[in-house]
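Engineer: okay, predicted coordinates and the sequence, questions at the end:
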Protein chains: 2
Amino acid sequence: MNIIPSVIGLGYVGLPIFLKLQKKFKTIGFDNNKSRILNLSKKIDSNKEFPKKKLSLLNGSYFTDQLSMLKKSNFYIVAVPTPVRKNNIPDLDNLKESCHLISKVLKKNDIVFFESTVYPGVTENFCAKLLEKKSNLKLDKDFFIGYSPERINPGDKNHSVDKIYKIISTNNPSVMGIAKKVYKIITKKLITTKNIKEAESAKVIENIQRDLNIGLMNEIYKVCYKSNIDFKNVIKLASSKWNFIKFNPGLVGGHCLPVDPYYYSTYAKKFGIKTDIILSGRKINNSMYKFMYNKLIKEIKKNKKISKNSKILILGLTYKKNVSDIRNSYALELFKLLKKKYKYLQVCDPLLTNKKIENIKILNDFSAIKYDLIINMVNHDLFKTKILNIKKNKKIHYLELF
Amino acid sequence: MNIIPSVIGLGYVGLPIFLKLQKKFKTIGFDNNKSRILNLSKKIDSNKEFPKKKLSLLNGSYFTDQLSMLKKSNFYIVAVPTPVRKNNIPDLDNLKESCHLISKVLKKNDIVFFESTVYPGVTENFCAKLLEKKSNLKLDKDFFIGYSPERINPGDKNHSVDKIYKIISTNNPSVMGIAKKVYKIITKKLITTKNIKEAESAKVIENIQRDLNIGLMNEIYKVCYKSNIDFKNVIKLASSKWNFIKFNPGLVGGHCLPVDPYYYSTYAKKFGIKTDIILSGRKINNSMYKFMYNKLIKEIKKNKKISKNSKILILGLTYKKNVSDIRNSYALELFKLLKKKYKYLQVCDPLLTNKKIENIKILNDFSAIKYDLIINMVNHDLFKTKILNIKKNKKIHYLELF
């Protein structure tokens, strides 16, 4: 079989997969976002994860937003976002649209793998059903499915996709053989299961564990702050126990952690289980920016030179450091609260230039001496040198969040 | 200064400390439990943590329940239990009693260290005040205090007190010098802070983190079980992620984990903080035995040969494996539920013989072939060989909890 992989969705997850696969295969990169395809064709990654030289096309691979150009593929990898709706119910519309699209070009013996984070059963009961219905082909007879959860950690160069373990799951042994041939180009570290629901569960609980543990640190941080105990010292002491695990408190935003707890909770509810623990973690993380707002205001007020008319600069607006992703960014929410209180509030985030974020004017650079107060909300590495200088300048009041 | 340490409370925490200290110092081991003192004098540790040969007295050290015999000490180490009352409010009565006792013999320049798990402030605001009041001596002028949280993990030979880091905290530099001389006999790995509240916080959050993470696994275990997904496989897959932390689900009992979340929550409440996360972990852990009961009943019913009149044996009743501690044991609670349902229910736990546990007759040994069903609730290492044989015997139905 001559494998022609395609990647549906060329965002934080899909693009690195595409770039790996095209080293070995003629690979089709599909995205329904026209401007994303235009940019990628010009070797521009607006997410700033890849420089120009890494975006050259190899082995006849191409980027496209045209369905007809997807036809040649026989191994589809779906890497579209799975967010939640306003009421925190899973929003599977992107998956639905992808399945609809693929079903129009699906042929006999084609294989469809999903990378998007979902709750257990979505691949088999939702995606496969859509593919069957629209294509008039039969699952496990005419076409096959699998699930391989993405573990991309944007901004983290130590855990790039080629260095980490990747789960692949499919119930068909010969499909597993083909999937291995494809995925081993991405990483040598493959771990397999025949049960797709196990792989779906594994992915979502990884993120939940992290979300909850940061939530716990946020809860303890609050207690320490309110009772005037040095949180960092407490953690340093606790870390001297052999089984204590260090997590930092934080504004946990982004596309994964604020979403996955709701996916699993929605699933659990179907079986009559209330996920009090999982939701308690998310609850505090959802509201932590408000606590940080009150803390900031209190700290600002200690400096009598700072008034409502002072010139204030915010550094960083993304959901975490060193990424250009603004989805579910609590730094953004915090900025909005501060904006209501302070007249002259500006924001600098070089990772967000060229992106339109509501009506906010985002500076690409700044001159520190222009400001009375600088608040570092997202500690991007690129601010490092400037911050060292700011700290030396006694005229500028400098604050960090935690 | 000629240091004469004493240890108040010779349980799971105090005894190992006493045994270490007497290697260097004439040490006084005090416990108000007469029979404990009698046993220890006969080199019997009813907790089964130490064999006879390790209980020999050295350097003129002695065990006593007489206050007058405590007088010679000038460095008191308090290691009494700090449980919760029925309504989950911290019960500081043992600490109170210890302080009352010490205050009767407290002299100028004496030092009192506390090892008991408490919430921040108890050492300074509760214990020290009691010591002052009853002794008519002044804190930090006449006598001094410190806090060194115990990290004893009963049944765990890999993390004995001499191999792990120990926190010592006291606000007085010269007291810190003396404390180091004492505690370095226990472990070379000392970590210090001048702020007692930091040390108190560190201890309690270590246990909370563990309690919560096991709670999360219990929650996920429930979801997997109810939706027929193999929990162990899910965890195996998730563990292939670089930052996933493996915790096992379980019946989290004992003296620490079921207690400490309430200590910290009581403290947090004083500062207006609701500890939803911390309490959510404890909540599921408190009720997990009921879930396991229903699961067991369901699994037992699958075997048509087992009836309400079958002969059933329970293995293990302690709060965890390889310990003889029954405090807050959910295996015990589970046993009681099963006892109501099954007529011929016996229990074997060699670690609990000689201990009176309500009206339960606890076997020291068993003959497997006498039973139709054997349920291993606490997987003591000493059952290992017998269980291997039981698993081979097809006539006996064998079940484990998780």
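Structural biologist: Ah, there it is.

Engineer: tell me the SS of the residue nearest to residue A:192 when sequence neighbours are not counted?
Structural biologist: With sequence-adjacent residues excluded and distances taken as Cβ to Cβ, 6 or more residues apart in numbering or on different chains, residue A:192 is closest to residue A:168, at 5.4 Å. No exception for glycine: its C-beta is placed from N, CA and C like everyone else's. Following DSSP: H, G, I helix; E, B strand; the rest coil, residue A:168 is assigned to strand.

Engineer: distance of residue A:168 relative to chain B?
Structural biologist: Residue A:168 sits 10 Å away from chain B, going by Cβ to the nearest Cβ, to the nearest Å.

Engineer: check contacts around that residue.
Structural biologist: Residues counted as contacts of residue A:168 (Cβ atoms under 8 Å, 6 or more residues apart in numbering or on different chains) are A:113, A:146, A:147, A:148, A:176, A:179, A:180, A:183, A:190, A:191, A:192, A:199.

Engineer: what is the nearest of these to chain B?
Structural biologist: Checking these against chain B with Cβ to the nearest Cβ, the nearest one is residue A:191 at 4.8 Å.

Engineer: returning to that earlier point: next step: the contacts of residue A:168 restricted to strands.
Structural biologist: Counting by DSSP state E, these place A:113, A:146, A:147, A:190, A:191, A:192 in strands.

Engineer: name the SS class of the spatially most central residue of chain A, please.
Structural biologist: By Cα atoms, centre = their mean, chain A has its centre lying nearest to residue A:255, at 4.1 Å. Following three-state DSSP, the label given to residue A:255 is coil.

Engineer: where does it fall, phi/psi-wise?
Structural biologist: Per-residue torsions, residue A:255: phi -90, psi -20 (degrees, to the nearest 10).

Engineer: can you count the residues close to the residue lying closest to it once chain neighbours are set aside?
Structural biologist: Spatial nearest neighbour of residue A:255, chain neighbours left out: residue A:327 (4.8 Å); criterion: Cβ to Cβ, 6+ apart. Counted by other Cβ atoms under 10 Å in any protein chain shown, the residues lying close to residue A:327 total 17.

Engineer: contacts only, for residue A:327.
Structural biologist: Per Cβ under 8 Å, 6+ apart, neighbours of residue A:327: A:83, A:253, A:254, A:255, A:319.

Engineer: make CSV from the residues you listed and add pLDDT to it.
Structural biologist: Shown next, in CSV, are these (pLDDT from 0 to 100):
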residue, pLDDT
A:83, 95
A:253, 93
A:254, 91
A:255, 90
A:319, 94
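
Engineer: returning to what we had before: which SS class is the residue nearest to residue A:255?
Structural biologist: The assignment at residue A:327 comes out as coil when based on three-state DSSP.

Engineer: pull up the gap between residue A:296 and residue A:391, please.
Structural biologist: According to Cβ to Cβ, to the nearest Å, residue A:296 and residue A:391 sit 18 Å apart.

Engineer: those two: which has the busier surroundings?
Structural biologist: Taking other Cβ under 10 Å, residue A:296 and residue A:391 do not tie; residue A:296 has more neighbours (20 against 11).

Engineer: verify the contact between the more buried one and residue A:400 for me.
Structural biologist: No. The pair residue A:296 / residue A:400 is not scored as a contact, 10.0 Å apart, by Cβ atoms under 8 Å.

Engineer: coming back round to it: if I look at the residue nearest to residue A:192, how far off is residue A:175?
Structural biologist: 10 Å.

Engineer: where do the contact lists of those two overlap?
Structural biologist: Counting by Cβ under 8 Å, 6+ apart, the contacts common to residue A:168 and residue A:175 are residue A:146.

Engineer: list just the nearest of the contacts of residue A:327 to residue B:6.
Structural biologist: When the contacts of residue A:327 are ranked by distance to residue B:6 (Cβ to Cβ), residue A:253 comes first, at 53.1 Å.

Engineer: and the residue nearest to the closest one when sequence neighbours are not counted, what does it touch?
Structural biologist: Leaving out its chain neighbours, the residue that sits closest to residue A:253 by Cβ to Cβ, 6+ apart is residue A:319, at 3.5 Å. Going by Cβ under 8 Å, 6+ apart, residue A:319 touches A:251, A:253, A:254, A:255, A:325, A:326, A:327, A:328, A:329, A:330, A:331, A:378.

Engineer: also residue A:119?
Structural biologist: A:90, A:200, A:204, A:263, A:264, A:266, A:267.

Engineer: the second one and residue A:126 touch, don't they?
Structural biologist: No. Here residue A:200 lies out of contact with residue A:126, judged by Cβ under 8 Å, at a distance of 10.9 Å.

Engineer: comparing those two, which shows the higher neighbour count?
Structural biologist: residue A:200 (30 against 18).

Engineer: look up phi and psi at the closest residue to that one other than its chain neighbours.
Structural biologist: Ranked by Cβ to Cβ, 6+ apart and with sequence neighbours excluded, the top spatial neighbour of residue A:200 is residue A:120, at 4.5 Å. Note on residue A:120: backbone dihedrals following degrees, to the nearest 10 are phi -60, psi 130.

Engineer: all strands of the stretch 51-200 of chain A, in order?
Structural biologist: Under the criterion DSSP state E, counting those that start in this stretch, the stretch 51-200 of chain A contains strands at A:62-64, A:75-78, A:111-114, A:144-147, A:166-169, A:190-193.

Engineer: tabulate those strands (TSV), appending mean pLDDT.
Structural biologist: TSV is the format used below for the strands of the stretch 51-200 of chain A (pLDDT from 0 to 100):
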stretch	mean pLDDT
strand A:62-64	97
strand A:75-78	98
strand A:111-114	98
strand A:144-147	98
strand A:166-169	98
strand A:190-193	97
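
Engineer: turn these into TSV, including distance to residue B:39.
Structural biologist: Listed next are those as TSV, based on distance: least, Cβ to Cβ, whole Å:
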stretch	distance to residue B:39
strand A:62-64	78
strand A:75-78	67
strand A:111-114	63
strand A:144-147	59
strand A:166-169	54
strand A:190-193	52
